[in-house]
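Participant: sharing a sequence plus its predicted fold:
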Amino acid sequence: VTGVQTCALPICCFFLFRRWGVSRSAALLGGLIFAFSGFARIHLPHTNAMDVLAHMPWMLLCIDHLYRDSAKRGRWSLALAALNASAILTGYPPFYFFTLLFQAWYVLWFIPEPHWWRQTLQCAGALMGGVLMGAPQWLPTLTSVAGSARKGATLEFLLYGSYHPLNLLSFANPMLFARGFMGSDFPDEMNIYPGVGVLFLALYFVLSPQLRARHRRAFLMLGALAGFGAVLGFGQYAKVYQWLWIHVPVVGSFRVPVRYFCMFQFALAGASALAYESFLHVSYNLATRRRQYLAAVIIGAGALLTAGFGVAKSRVHGYEMPWLPLLGKLRTDYFSDWRLIVLGSVLVLLASICYALAVRHQGVWAKAMIAVLLIDIVWYTGSVWLAYPTGTTQDVLGELTDPGIPAPARISPADTGNKIGPHRWFEIGRAHV
């Protein structure tokens, strides 16, 4: 089952991105980024959840045909209903809710299209048909919820799994933290590093006026999706989730806010697919290139600064930096071995140099940056698969079967059974890495 749904994600994303007018290679790259980078990569072993999420690109493809095609709309409506029914019957309500959010977002994408209201009613009818076909799953789901410890979950329990803002530093150095992330002890949820090459391609799309003008609707919609997913993913740290979202009926009972980063990840994949061909072949004027150079300099400087800070914390036990709020007071065992931190900086600096040269010369340097992107994805994906199985499943089961156990982690940051990231491929340094 895992192999089927893993292969299906890049394939269905490929067909969806092709509808956006990109080349085959660009669509394939976008599909690979969504399937094996960031959010989707860390959830690959979660077969039930990923089986539900794998329906999402097919749903969007059906909606795309419903709004853009003038014929065979009935077939696409039937397909959309069947996909919604299948996702419901797979039996993972939080992730089916994510597919609903994606579908609503993509319907809004087509507001400028003629006869939008008519197609929207047809789309809504297909969705309701799917919900009705999925009715056999309702009773077991409601019965399970009624007998679950989560029925009366506390606010602390629901907010556990919020993405700590300090994790943004790992975008500039994926090896900075010993477990690949900071915050809640959810190694199979929190380690959503998207890849430095993916970030550069997305930045290229954002910073290119010609690309933004050519794909204006995509730019606005992908930006809205990324912002929505990121704000909710930060959970208690962004306050919107705690003050507003958690009070929405049913939806507010879904835990682990970081899961909303699936939307951020999809936006990165879409932006990368749209930017790919231009990045390889198009040369921009000096003003545009300067903006691109600035992005490379900022991320490269971030890699150097995090390396210097991480090495200082890693090498000197108990070393504190009172002049640096919060980050300077973190314990030494939150950070990787100094050699791993340096290795992470080298990877990001290499990508930054390739990116800066590609913006000016294209050709071999652009291909080198894409190669770094793919190596980064393969490296991190392999590290996740090597990291399983861990003690995480037993810990979660113990938490759910005993309602008296509080939601916060009972495992120290240095616990050896809960590290998912490239560190499993580089067992050097201290014993806890």
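Facilitator: Looks like it came in fine. Numbering: from 1, shown residues only.

Participant: determine how far the last residue of stretch 27-43 lies from the first.
Facilitator: Stretch 27-43 has its terminal residues 22 Å apart, counting by C-alpha to C-alpha, to the nearest Å.

Participant: how far does it sit from the chain's center?
Facilitator: Its chain's C-alpha centre lies 8 Å from the corresponding centre of stretch 27-43 when counted by C-alpha atoms, centre = their mean, to the nearest Å.

Participant: pLDDT (mean, whole number) over stretch 238-258?
Facilitator: Across stretch 238-258, the average pLDDT comes to 84.

Participant: which other residues reach that stretch?
Facilitator: With C-beta atoms under 8 Å, 6 or more residues apart in numbering as the contact definition, stretch 238-258 has outside contacts at 93-94, 97, 150, 153, 155, 157-163, 184, 186, 189-190, 192, 231-236. (C-beta placed from N, C-alpha, C; glycine too.)

Participant: ok, of these, which come out buried?
Facilitator: Neighbour counting with 16 or more other C-beta atoms under 10 Å marks 93, 153, 157-163, 184, 186, 189-190, 192, 231-236 as buried within those.

Participant: out of these, which sit inside helices?
Facilitator: Pro93, Phe157, Leu158, Leu159, Glu189, Met190, Val231, Leu232, Gly233 (DSSP state H).

Participant: ok, now which ones touch the fifth one?
Facilitator: Translated: Glu189. With contact taken as C-beta under 8 Å, 6+ apart, Glu189 is in contact with Ile42, His43, Gly161, Val256, Val258, Arg259.

Participant: tally of neighbours for the fourth one?
Facilitator: The criterion is other C-beta atoms under 10 Å. On that basis, Val256 has 19 neighbouring residues.

Participant: okay, it and Met263: tell me how far apart.
Facilitator: The spacing between Val256 and Met263, counted by C-beta to C-beta, to the nearest Å, is 14 Å.

Participant: ok, the second one next?
Facilitator: His43 sits 14 Å away from Met263, taking C-beta to C-beta as the criterion.

Participant: got it, and the first one?
Facilitator: Ile42 sits 15 Å away from Met263 when distances are taken as C-beta to C-beta.

Participant: can you give me the strands in the protein?
Facilitator: Taking DSSP state E to define them, one finds no strands in the chain.

Participant: for the lengthiest helix in it, which helices and strands make contact with it?
Facilitator: If you go by DSSP H, the chain has its longest helix at helix 286-315. In terms of contact count using 3 or more C-beta pairs under 8 Å, 6 or more residues apart in numbering; DSSP states H and E, helix 286-315 is assigned the packing partners helix 196-207, helix 338-361.

Participant: repeat the analysis, applying 10 Å as the threshold.
Facilitator: helix 196-207, helix 209-214, helix 338-361 (3 or more C-beta pairs under 10 Å, 6 or more residues apart in numbering; DSSP states H and E).

Participant: for those helices, give me JSON lines that also has distance to Arg290, mean neighbour count and mean pLDDT.
Facilitator: What follows is these, written out as JSON lines (distance: least, C-beta to C-beta, whole Å; neighbours: other C-beta atoms under 10 Å; pLDDT from 0 to 100):
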{"stretch": "helix 196-207", "distance to Arg290": "10", "mean neighbour count": "24", "mean pLDDT": "92"}
{"stretch": "helix 209-214", "distance to Arg290": "12", "mean neighbour count": "14", "mean pLDDT": "90"}
{"stretch": "helix 338-361", "distance to Arg290": "9", "mean neighbour count": "21", "mean pLDDT": "88"}
